[in-house]
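S.K.: Sequence plus predicted model, see below.
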Amino acid sequence: MAEIHMRAQIPETDDEKKGREEKSSKPSFGCWQVVLSRALPMLLAFLVVPATQAVGVATAATFSYILAACLGRSWKCLSTRCLSMIFCFTLSCWFFVFFWPSFLTFASWNNGWIPGFRALQPGYQPEGCDTGKLVQEFVEGDFMKELDAVHWDAKAQRCDCRLPDNGAEQGRCKSSDSEDLPRFTVVSALIDVGRRDRAGCDYLRMFAPQLHRQVDLVFFGEAWALEVVQAVRTALNLSNRTRLRLLEAGDKPTAAQALWGAPASLAFHHHLGQMQAIAARKYFWHLLHLFKAGVSGKVVPHYAWVTNEKANFVVQAARENYFQNSQSDAGHSYFVWIDVGAGHGNLKATRHFCACNLAVPGTVTLFHQLRNKKELFEGAGADMSTKFEALPLGKLTISNYLSSYDFTHHFDEIIGTFWGGDLAGIELFWEHWNATFHRLMDAGAIDHDQGIICLVAASEPQWLRYITSNFYGVLHLC
């Protein structure tokens, strides 16, 4: 006991004290170094690998590690910790190469879409869809309102925008700026992109009221959908007012092309691979932002692609103008886009279609969810309540879209479900739409049609007009 007590009383030298302090400080510092040397390579791998070059990056990392391990014997700068970081990065790359596609497949299914679905394949038929029963259901159904369009002149059998609107649709049918005797063509399309809870037949059911209308119709779709539309319009004696355009992928001639003619051109389909890479790379960041910018338009590239084709279909229909004016005193032809799912089928339509409130030459008319144009661009008042957080479009630019709103805002201000204009206006609209789409793609961003439309409208071009409406307001085309 005395010996132990004597040892305890021996004073500690300066060298011993310094060594003990260095030793006690090293584990803590080394622990942080170890954590960073593992976490940083994993984070870097996550940012780099979820892209089309994933396997290439992982392979390059593997060769880099082998080379560094060989050179490390003679190069002092390649320390053990440095080699460990390269090794960790390499393992992380290979992990994400195999894990990330599996995760995205699960996420796609969980979000309501069929993983790996290939759209526009020749001969495609939607599962569980009896087209014969569908045609019978459409032909025998009651989809028409008792009252006709307020601007329909039954005696002259034409739209006459000089007729009083009688306050129809809460005053939205006013036509003071419209030309007198316009002609209208409805344009729509259906492409099955693998939505699990809503098949192609479900979308066509929603479009049934529009099929019954006595209006010129240009419809783009896959062969099975064209067969249904043709059968219904023929049964209703409207085949002479129906123009059907085939949509199909691939370069080889098919039986459908022999029947329906050459497929219509697709403006953005060739970007689908790049859009898939963007969606895969940014999925994690949208997840971190709790999908504030939406799901389908951001991480479902097929949906973003197909909604952006709308303007392409309308400009094709307008340029062709298949239904030429047959009356010498008729005004311009106006082309009106209506989604196949407009109103979700929960409405009855007027027998004739006279959208006089958009029949202003040289313009395109958009429908929005604010009370007026001022609120759309400057912000809603405190007394205005909406189901979404409205962004004043006057504050929107490409720059702040890419830096913030790409992840934080879902664009519901302007409705993509229905809009229209004449050829001059639609050409301008298409030019700006197409340019905006490619600017986003070049910056590594994708969005659905409403995001593109809001960006186009943000610069307030003079050829755009605005009417207050809602997603179920397709009858506001009046």
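M.R.: Cool, got the structure.
S.K.: how's this structure carved up into domains?
M.R.: Dividing the chain into domains by automatic domain parsing, as the record does, gives the ranges 21-110, 133-476.
S.K.: Of those domains, which shows the lowest average pLDDT?
M.R.: Between these, the one with the least mean pLDDT is domain 21-110; it has a mean of 72.
S.K.: ok so, going back, need the domains of the chain in CSV (columns: distance to Gln125 and mean neighbour count).
M.R.: For the C-beta atoms, the positions are set from N, CA and C on the backbone; glycine is no exception. Listed next are the domains of the chain as CSV, based on distance: least, C-beta to C-beta, whole Å; neighbours: other C-beta atoms under 10 Å:
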stretch, distance to Gln125, mean neighbour count
domain 21-110, 22, 14
domain 133-476, 5, 19
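S.K.: Gln121: which of those domains is closest?
M.R.: Of all the domains of the chain, the one in closest proximity to Gln121, counting by C-beta to C-beta, is domain 133-476 (6.4 Å).
S.K.: Tabulate the domains of the chain (CSV), appending distance to Pro126.
M.R.: Supplementary listing: those in CSV, determined by distance: least, C-beta to C-beta, whole Å:
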stretch, distance to Pro126
domain 21-110, 18
domain 133-476, 4
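S.K.: Arg118 is nearest to which of the ones you listed?
M.R.: Relative to Arg118, the nearest member of the domains of the chain by C-beta to C-beta is domain 133-476, separated by 7.8 Å.
S.K.: Endpoint to endpoint, the closest one covers what distance?
M.R.: Across domain 133-476, the terminal residues are separated by 31 Å (C-alpha to C-alpha, to the nearest Å).
S.K.: Equivalent analysis for stretch 433-449, please.
M.R.: OK, stretch 433-449 end separation, C-alpha to C-alpha: 9 Å.
S.K.: Check whether Pro164 really touches Val150, as I assumed.
M.R.: Yes. Shown here, Pro164 and Val150 form a contact pair, counting by C-beta atoms under 8 Å, at 7.5 Å.
S.K.: shared neighbours of those two, which are they?
M.R.: A shared contact of Pro164 and Val150, defined by C-beta atoms under 8 Å, 6 or more residues apart in numbering, is any residue touching both; here there are none.
S.K.: where do the helices sit along the stretch 151-300 of the chain?
M.R.: With helices called from DSSP state H, counting those that start in this stretch, the stretch 151-300 of the chain shows them at 168-171, 200-212, 223-235, 255-260, 272-288, 296-299.
S.K.: right, and those - which one's nearest Ala359?
M.R.: For those, the distance to Ala359 is smallest for helix 168-171, at 15.4 Å, taking C-beta to C-beta.
S.K.: Quick one: list the elements packing against the closest one.
M.R.: In this structure, helix 168-171 makes packing contacts with no helix or strand, judged by 3 or more C-beta pairs under 8 Å, 6 or more residues apart in numbering; DSSP states H and E.
S.K.: can you give me the offset of it from its chain's centre?
M.R.: 31 Å (C-alpha atoms, centre = their mean, to the nearest Å).
S.K.: Okay, strands next: where are they in the chain?
M.R.: Under the criterion DSSP state E, strands of the chain are mapped to 152-153, 158-159, 183-190, 216-221, 242-246, 333-338, 364-368, 414-422, 464-468.
S.K.: looking at the domains of the chain, which is closest to Gly116?
M.R.: Closest approach to Gly116 among these is made by domain 21-110 (7.3 Å; C-beta to C-beta).
S.K.: So Val193 is in contact with Gly116, correct?
M.R.: No. Judged on C-beta under 8 Å, Val193 makes no contact with Gly116 at a distance of 11.9 Å.
S.K.: Specify the stretch among the strands of the chain that is closest to Ile278.
M.R.: Nearest to Ile278 among the strands of the chain is strand 414-422 (20.1 Å), distances taken as C-beta to C-beta.
S.K.: ok now stretch 115-127, how far from the chain's centre?
M.R.: With C-alpha atoms, centre = their mean, you get 19 Å for stretch 115-127.
S.K.: Next up, the contacts around Val360.
M.R.: When contacts are counted by C-beta under 8 Å, 6+ apart, Val360 is found next to 177-179, 421, 465.
S.K.: same thing but at 6 Å, please
M.R.: Neighbour list for Val360: 177-178 [criterion: C-beta atoms under 6 Å, 6 or more residues apart in numbering].
S.K.: Go through the domains of the chain and name the closest to Leu120.
M.R.: Taking these one by one with C-beta to C-beta, domain 133-476 is closest: 3.9 Å.
S.K.: Work out the gap between that closest one and the centre of the chain.
M.R.: A distance of 13 Å separates the C-alpha centroid of domain 133-476 from that of its chain, computed with C-alpha atoms, centre = their mean.
S.K.: From Asp406, how far off is Lys282?
M.R.: Distance, Lys282 to Asp406, using C-beta to C-beta, to the nearest Å: 8 Å.
S.K.: which residue sits closest to Phe87, ignoring its sequence neighbours?
M.R.: Nearest residue to Phe87 in three dimensions, chain neighbours excluded: Tyr65, at 5.5 Å (C-beta to C-beta, 6 or more residues apart in numbering).
S.K.: And for stretch 407-427, what's in contact with it?
M.R.: For stretch 407-427, the surrounding residues in contact (C-beta under 6 Å, 6+ apart) are 285, 289, 292-294, 314-315, 318, 332, 334-339, 342, 358, 361-364, 366-368, 388, 390-391, 449-451, 453-454, 463, 471, 474, 477.
S.K.: quick one: Ile398 and Leu163, what's the gap?
M.R.: As judged by C-beta to C-beta, Ile398 and Leu163 stand 43 Å apart.
S.K.: my bad, Leu244
M.R.: Distance, Leu244 to Leu163, by C-beta to C-beta: 32 Å.
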